[in-house]
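K.L.:
Starting from these lines, generate the structure:
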Amino acid sequence: MAERPSLVVDDVHIHYRTFGGRRPTGSSWMGAVRRHVGSVDLVKAVRGVSFVAHHGESIGVIGHNGSGKSTLLRAIAGGLPTASGAIWADGSTALLGVNAALMRDLSGHRNIVLGGLALGLTPAEIAERHDELVDLAGIGDFLHLPMRAYSSGMSARLRFAISSAARPDLLLIDEALATGDAEFKQRSRERIDEIVGEAGTVILVSHSMSTIRSMCDRVLWLDHGRLVADGPTVDVLEEYSARTGRPTARPTPRRTQEVS
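P.N.:
Predicted structure coming up:
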């Protein structure tokens with residue numbers, strides 16, 4: 001199982017166009033740059049990225065804002081087309097982001113039901129896992145209140161719980177753990193360990209180096225859309241810190257799992 005790839009990203013390029021961007025069209029009042037409504041810019045968000053992921057891996061993706069991390073995850077999830085190159089995924093894929101859709105006028109309970117159905121779970125499977133998801137999200141007495149009454153942290157926890165309910169073969173997480181407290185991060189780490197232990201693959205985008213260090217065995221470093229480094233977490237984070245001057249947090253022990 002460990003030898004069979006769960007994901008192959010082969011020389012992927014992703015481009016998109018922006019409309020009405022700022023173009024220098026001569027001086028204007030107070031020296032500001034005029035906005036040319038008809039201007040079109042081609043943004044090369046991902047440039048020739050290739051890597052192979054295997055079942056049972058937890059992979060972190062790091063890089064500055066605009067480096068192509070979120071764009072790459074959306075393409076892997078099937079939400080963006082590639083300009084060239086190819087992406088192959090073995091099994092089901094779920095993308096969890098900070099803006100994952102939840103129905104604000106519906107209760108947490110109804111969102112669990114609808115989210116589970118959207119992930120392909122049967123009503124019986126949703127009922128079986130319902131209490132587990134409520135515990136993971138930690139929403140307690142708010143379960144039957146509309147989502148608009150939830151804090152950002154509660155909403156993030158519920159998004160994570162719902163997205164991991166179906167035990168996807170490939171779970172993509174885009175900064176969705178950043179708003180959680182220490183207790184939630186521990187619970188989410190345990191859930192990620194469960195998915196990885198069941199031969200799933202987790203790819204986590206985060207600016208939190210402590211989260212990457214504690215949850216990931218391998219790290220991809222993107223810079224201006226290009227893959228700069230791909231290797232063990234400690235090695236890549238040390239290189240990232242040395243070349244950018246940014247701290248990458250101290251190592252924290254991962255929860256060990258017994259092997260029968």
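K.L.:
Over to stretch 199-218 now: how far is its first residue from its last?
P.N.:
This stretch, stretch 199-218, spans 16 Å end to end (C-alpha to C-alpha, to the nearest Å).
K.L.:
List the buried residues of that stretch.
P.N.:
Using 16 or more other C-beta atoms under 10 Å as the test for burial, stretch 199-218 gives 199-206, 208-209, 211-216, 218. Using the backbone N, CA and C atoms, a C-beta is placed for each residue, glycine as well.
K.L.:
residue ranges of the helices in the stretch 151-260 of the chain, please?
P.N.:
152-163, 182-197, 209-215, 233-244 (DSSP state H, counting those that start in this stretch).
K.L.:
Mind listing what's buried along the second one?
P.N.:
Within helix 182-197, the residues that qualify as buried are F184, K185, R187, S188, R189, R191, I192, D193, I195, V196, counting by 16+ other C-beta under 10 Å.
K.L.:
Same question for the last one.
P.N.:
Using 16+ other C-beta under 10 Å as the test for burial, helix 233-244 gives T233, V236, L237, E239, Y240.
K.L.:
export that helix as PDB, just CAs?
P.N.:
The C-alpha trace of helix 233-244 is given here as PDB (Å, rounded to 0.1, in the frame of the first residue of the first chain):
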ATOM      1  CA  THR A 233      10.000  18.300   7.300                       C
ATOM      2  CA  VAL A 234      13.000  19.200   9.500                       C
ATOM      3  CA  ASP A 235      15.400  19.500   6.500                       C
ATOM      4  CA  VAL A 236      13.100  21.700   4.400                       C
ATOM      5  CA  LEU A 237      12.100  23.900   7.400                       C
ATOM      6  CA  GLU A 238      15.700  24.500   8.200                       C
ATOM      7  CA  GLU A 239      16.500  25.400   4.600                       C
ATOM      8  CA  TYR A 240      13.500  27.700   4.500                       C
ATOM      9  CA  SER A 241      14.600  29.400   7.700                       C
ATOM     10  CA  ALA A 242      18.200  29.800   6.500                       C
ATOM     11  CA  ARG A 243      17.200  31.300   3.200                       C
ATOM     12  CA  THR A 244      14.400  33.500   4.300                       C
END
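K.L.:
counting contacts, what elements does that helix pack onto?
P.N.:
strand 58-62, helix 209-215, strand 218-223, strand 226-232 (3 or more C-beta pairs under 8 Å, 6 or more residues apart in numbering; DSSP states H and E).
K.L.:
need the contact list for I76.
P.N.:
By C-beta atoms under 8 Å, 6 or more residues apart in numbering, the contact list for I76 reads L7, V9, I87, A89, T93, L95, L170, L172, I203.
K.L.:
Now do the contacts for C216.
P.N.:
Counting by C-beta under 8 Å, 6+ apart, the residues that C216 touches are S58, I59, G60, V202, L204, T233.
K.L.:
out of those, who's nearest H130?
P.N.:
Comparing the contacts of C216 against H130 with C-beta to C-beta places V202 closest, at 23.1 Å.
K.L.:
so how far is D223 from the closest residue to the closest one other than its chain neighbours?
P.N.:
Distance criterion C-beta to C-beta, 6 or more residues apart in numbering; nearest residue to V202, sequence neighbours excluded, is S58 at 4.5 Å. Using C-beta to C-beta, to the nearest Å, one obtains 22 Å as the distance from S58 to D223.
K.L.:
Over to A53?
P.N.:
20 Å.
K.L.:
in the stretch 151-260 of the chain, which ranges drop under the pLDDT threshold?
P.N.:
Scanning the stretch 151-260 of the chain for pLDDT under 70 picks out 176-181, 249-260.
K.L.:
again, but for the stretch 1-150 of the chain
P.N.:
If you take pLDDT under 70 as the line, the stretch 1-150 of the chain has these spans: 1-2, 20-40, 97-101.
K.L.:
residue boundaries of the helices in it?
P.N.:
Under DSSP H, counting those that start in this stretch, the stretch 1-150 of the chain gives helices at 69-76, 108-118, 123-137.
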